[in-house]
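Asks: Make a model of this:
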Amino acid sequence: MSTAKYVRLIGFGLLTWLLPFLISIPLYSPEGEPLYDIFLIKTVLLVFSTALGTLLILIYFRGIRDGFVREGALLGGLWLLINWALDAVVLLPLSGMAASPYMGQIGLRYLNILIIAIGIGYAAEHAVRGKG
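Replies: Residues are numbered from 1 along each chain as shown. Below you'll find the model as predicted:
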């Protein structure tokens, strides 16, 4: 794997965390209280994150010529770990949330990235083989 590919893979993974985080800032008071209905905030962030992740996965796959399912699993797994790690370092200390409620309320949602990446990889693999 080339250095440029690693940079793109990690850089896009960082964007999947950073952009939703930046979008969320104006939705909360300086004290960390939601300024709008919490379910609306969570829905907006989930929809935005899913759309962003899907777009970045599609852009990443433009440079892939084979091994699509493997690449999807690698990308999805790495981005999942990046998001969990950044949440552990930034979000959990800011929110004061413990790990268990975090996983139930937020952390498991990041599995969308892995599922979508593998699904796109599977579809690309079948399209290339003419089985689509």
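Asks: only C-alpha atoms for contact and neighbour calcs from this point on.
Replies: Fine.
Asks: can you pull out the helices in this structure?
Replies: Counting by DSSP state H, the chain has helices at residues 3-24, 38-61, 68-86, 92-95, 99-105, 111-129.
Asks: so where's the protein shaky on pLDDT?
Replies: Residues of the chain meeting the criterion pLDDT under 70: 131-132.
Asks: What about Met1, how many residues nearby?
Replies: 5 (other C-alpha atoms under 10 Å).
Asks: Enumerate every residue touching it.
Replies: By C-alpha atoms under 8 Å, 6 or more residues apart in numbering, the contact set of Met1 is empty.
Asks: same thing with Gly121?
Replies: By C-alpha under 8 Å, 6+ apart, the neighbours of Gly121 are 68-72.
Asks: Quickly name whichever of these is closest to Arg129.
Replies: Phe68 (11.2 Å; C-alpha to C-alpha).
Asks: tell me the phi and psi of Asp66?
Replies: For Asp66, the backbone dihedrals (degrees, to the nearest 10) come out as phi -160, psi 170.
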